[in-house]
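*Asks:* Sequence and predicted model, in that order:
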Amino acid sequence: MRLLDMVDSLVDLVIPDDPESVLGMTKDLITLRNATDHQLAAIDASGVARKAGSTTAKLLQANGAAPASAYRWLRIGAGLAGLDRTAGYSRDGYLSSEHVDAVVRGVAHVVDRSRDPMTDADRVDVERKLLSHAISGAPPAAIGAAARALGNEVARDTGGPPPAEDRSLNSVDYAVRDGRLVGKFDVDAVIGEKLFSALDFWSRARPEPDGSDDARTPTQRRADALHQLLDCGGGQTLVSAPRTEVMVTVPADHPEAASLSWMGPVTEATAAALACDSSITSITLDGQQVPIDVSPPKRLFTGLVRKAIIIRDACCVKCGAHASWSDCHHIKHFVDGGATTLENGCLLCRTCHMAVHNTDWDVIMGDDGHPWLIPPADVDPLRKPLPAYNRRTLTLAA
Ligand SMILES: [Zn+2]
Ligand SMILES: [Zn+2]
């Protein structure tokens with residue numbers, strides 16, 4: 001078998017000593033790799049996977065290809081049709097599959113930006129321009145940038161929308177990594193404007209409760225603003241209850257194994273803190289993943305009760321952060337039968353709220369009708385109750 005003979009030759013290869021031979025061999029190996037990629041990109045056209053009731057992507061991955069490589073070969077295989085010059089450079093191993101991919105995607109991007117269907121001659125002209133970047137050694141990212149610039153020209157010449165207003169370019173991509181949501185977005189001017197307007201108010205620096213400068217970095221402030229935006233729908237009202245509804249599923253036999261519908265498993269403490277002041281629907285599942293109990297999202301402090309708590313506590317009862325940055329915490333947890341009433345609610349900022357759910361900080365309702373904080377033993381061995389923040393300042397001033 002000829003291909004396996006080539007593998008044997010590669011296995012036996014010895015890197016030579018003199019620099020010139022090393023350079024020559026490097027070039028040959030890369031050419032071999034590029035030409036191999038080109039042949040792999042052509043496999044889809046054979047239709048062999050479809051005939052076997054599968055897909056070429058699955059076939060490639062079943063034989064050891066990484067998903068990114070498999071999908072790149074598929075894009076190249078489909079995209080090279082009609083791009084004869086690029087196909088020639090690809091077949092001869094002169095261009096890497098990453099460069100070929102950038103040209104293929106670049107041409108498709110420019111064609112999409114044209115308001116009218118592009119003629120074959122114009123398409124070949126776009127290919128020639130992008131290919132010249134690739135041949136002159138520009139990296140794939142630079143080919144992509146050149147394609148965007150060409151796309152803008154084509155849009156302008158054909159009366160298509162400028163990039164700032166082309167909704168077809170919009171993308172929001174994210175994936176869950178390590179239980180976190182990581183992503184990037186690329187949106188038109190209208191969405192961008194709305195995002196700026198919505199985030200601007202909430203991402204402004206605010207003084208710390210002691211009057212010192214905001215300790216958060218701008219990027220942390222924007223993340224907090226996004227959280228606030230999701231909770232209040234972008235309004236600037238200080239007393240509205242969170243509007244974004246979330247769903248959590250809990251196996252009946254493993255109440256600690258709570259799972260968010262998009263993000264997956266979270267600790268019991270996080271699920272409890274979320275359940276404390278979110279429009280959350282909790283779904284209990286039996287062993288067969290069948291919902292056996294659905295609790296309606298009724299646990300929110302809303303309307304007059306929320307306003308009354310804000311008037312009484314004024315700010316986070318633990319650290320003094322502004323009321324608009326605070327959740328309404330159930331002093332006796334909702335899951336333990338705690339009611340959604342003035343007597344069972346108190347304001348806690350997000351950081352302090354998590355601390356109360358995750359650590360030994362406790363909140364109790366005092367005989368005076370105000371919440372009191374009980375520090376953990378490692379903070380105060382006697383665990384002497386502290387008045388709420390707005391009452392603490394009054395005490396100090398008195
Ligand atoms: Zn706080
Ligand atoms: Zn809470």
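*Replies:* Nice, thanks for sending it over. Ligands and ions are numbered 1, 2, ... in the order given.
*Asks:* what number of residues lie near the closest residue to ligand 2 within the chain?
*Replies:* Closest residue of the chain to ligand 2, CB to the ion: Cys276 (3.0 Å). Bear in mind the C-beta positions are built from the backbone N, C-alpha and C, glycine included. By the criterion of other CB atoms under 10 Å, Cys276 has 25 neighbours.
*Asks:* Check Val22 too.
*Replies:* 12.
*Asks:* ok, it - contacts?
*Replies:* Ile15, Pro16 (CB atoms under 8 Å, 6 or more residues apart in numbering).
*Asks:* change it to 6 Å
*Replies:* Val22 makes contact with Pro16, according to CB atoms under 6 Å, 6 or more residues apart in numbering.
*Asks:* Look up the pLDDT of it for me, please.
*Replies:* Val22 carries a pLDDT value of 94.
*Asks:* Count the residues that sit near the residue in the stretch 51-200 of the chain that ligand 1 sits nearest to.
*Replies:* Taking CB to the ion, ligand 1 has its nearest neighbour within the stretch 51-200 of the chain at Leu199, 21.6 Å off. The local packing of Leu199 (other CB under 10 Å) involves 19 other residues.
*Asks:* who's in contact with it?
*Replies:* So Leu199 contacts Ala225 (CB under 6 Å, 6+ apart).
*Asks:* chain center to the helix or strand hosting it: distance?
*Replies:* If you go by DSSP states H and E, Leu199 is part of helix 189-203. Relative to its chain's centre, helix 189-203 lies at 18 Å (CA atoms, centre = their mean, to the nearest Å).
*Asks:* likewise stretch 117-135?
*Replies:* 34 Å.
*Asks:* In PDB, could you pull the C-alpha coordinates for that stretch?
*Replies:* The C-alpha trace of stretch 117-135 is given here as PDB (Å, rounded to 0.1, in the frame of the first residue of the first chain):
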ATOM      1  CA  PRO A 117     -25.900  38.100  -6.900                       C
ATOM      2  CA  MET A 118     -22.200  38.300  -7.700                       C
ATOM      3  CA  THR A 119     -21.100  37.400 -11.200                       C
ATOM      4  CA  ASP A 120     -18.600  34.600 -11.600                       C
ATOM      5  CA  ALA A 121     -16.000  37.000 -12.900                       C
ATOM      6  CA  ASP A 122     -16.400  39.200  -9.800                       C
ATOM      7  CA  ARG A 123     -16.100  36.200  -7.600                       C
ATOM      8  CA  VAL A 124     -12.900  35.000  -9.300                       C
ATOM      9  CA  ASP A 125     -11.600  38.600  -8.800                       C
ATOM     10  CA  VAL A 126     -12.300  38.400  -5.100                       C
ATOM     11  CA  GLU A 127     -10.600  35.000  -5.000                       C
ATOM     12  CA  ARG A 128      -7.500  36.300  -6.800                       C
ATOM     13  CA  LYS A 129      -7.100  39.200  -4.300                       C
ATOM     14  CA  LEU A 130      -7.500  37.000  -1.200                       C
ATOM     15  CA  LEU A 131      -5.200  34.300  -2.800                       C
ATOM     16  CA  SER A 132      -2.500  36.900  -3.400                       C
ATOM     17  CA  HIS A 133      -2.500  37.600   0.400                       C
ATOM     18  CA  ALA A 134      -2.200  33.900   1.100                       C
ATOM     19  CA  ILE A 135       0.600  33.300  -1.400                       C
END
